[in-house]
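Novice: what shape does this take:
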Amino acid sequence: MGIYKDIAAYEPYNEQEERDKAVMLRLLSEKKDAFFRSSALAHMTASAWVVDASRTRVLMLYHHIYRSWSWAGGHADGDEDLLAVAVREVREETGLQQLTCLCPGIFSLENLTVDGHEKRGVYVPSHIHCNVTYLLQGADEPLRAKPDENSGVRWFTPEEALRASTEPWMVERIYRKLIEKSRKYMAPADTSPLR
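Specialist: A predicted model of the protein is given here:
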């Protein structure tokens, strides 16, 4: 399995990634349905941290379930090519079609808790998304929301993105990390320290 090898070879950025990596590798080695939602306790997902063509802003969408500005991403639904999943989700959720991968391979790893919720009239129990993130650059194209999942798509400066999200754990542990990791890919105007 290619993604297992990719995750195993990935060098964690911090303790959170190191510990989450171990959980992901265990899930992939123990659960044959790890790429499907039928793996109800935990399953694989993919997200994208998307920067704009000027590399000064990041893309966020207003997510209905989380009631917050968040990144684009979604379920693997059987697809083991998680980069393809991340690209598909960005295209579906934001309208961007021209995407470039800025960082070869995996950009970030994180296990994300998902509280129980209703989706399309069906209750989904609380579970974990074992998430692989890729760094993408979007072209200068019109943005559009995906009404069944989000109600807005916008470019934010990294600082604006941190202020816009209403999920404290995501801001402190994930988005701040992604901004720090993406600094070397961003335009020089975006080198101020995070507050």
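
Novice: surely T100 is within a strand?
Specialist: Yes. Counting by DSSP: H, G, I helix; E, B strand; the rest coil, T100 falls inside a strand.

Novice: renumber starting at 11 from here on
Specialist: Will do, 11 is the new start, and the previous item becomes T110.

Novice: nearest residue to it in space, please, no chain neighbours.
Specialist: Leaving aside its sequence neighbours, T110 sits nearest to Q147 (CB to CB, 6 or more residues apart in numbering; 4.6 Å). For the C-beta atoms, the positions are set from N, CA and C on the backbone; glycine is no exception.

Novice: what's the local residue count around the one you found?
Specialist: Residues contacting Q147 under the criterion other CB atoms under 10 Å number 20.

Novice: and the helix or strand hosting it, what does it pack against?
Specialist: Using DSSP states H and E, Q147 maps to strand 137-148. The contact analysis (3 or more CB pairs under 8 Å, 6 or more residues apart in numbering; DSSP states H and E) places strand 137-148 against helix 25-40, strand 52-61, strand 82-85, helix 92-104, strand 109-111, strand 118-124, helix 186-192.

Novice: if we use 7 Å, what do you get?
Specialist: helix 25-40, strand 52-61, helix 92-104, strand 109-111, strand 118-124 (3 or more CB pairs under 7 Å, 6 or more residues apart in numbering; DSSP states H and E).

Novice: reformat those as TSV; add mean neighbour count, mean pLDDT and distance to S161.
Specialist: Formatted as TSV, those follow (neighbours: other CB atoms under 10 Å; pLDDT from 0 to 100; distance: least, CB to CB, whole Å):
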stretch	mean neighbour count	mean pLDDT	distance to S161
helix 25-40	16	98	29
strand 52-61	25	98	18
helix 92-104	21	98	11
strand 109-111	15	97	22
strand 118-124	18	96	19
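
Novice: including distance to V163, could these go into TSV?
Specialist: Below are the helices and strands packed on strand 137-148 laid out as TSV (distance: least, CB to CB, whole Å):
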stretch	distance to V163
helix 25-40	27
strand 52-61	10
helix 92-104	5
strand 109-111	14
strand 118-124	20
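
Novice: which one of those lies nearest to R183?
Specialist: Of all these, the one in closest proximity to R183, counting by CB to CB, is helix 25-40 (6.1 Å).

Novice: packing partners of that closest one?
Specialist: helix 12-19, strand 118-124, strand 137-148.

Novice: tell me the buried residues in the longest one?
Specialist: Neighbour-count burial for strand 137-148, counted by 16 or more other CB atoms under 10 Å, picks out 137-148.

Novice: neighbouring contacts of the helix or strand following it?
Specialist: Remark: after strand 137-148, the chain's next helix or strand is strand 160-166, criterion DSSP H and E. Residues from elsewhere that reach strand 160-166 (CB atoms under 7 Å, 6 or more residues apart in numbering): 62, 67-74, 103-105, 153-155, 174.
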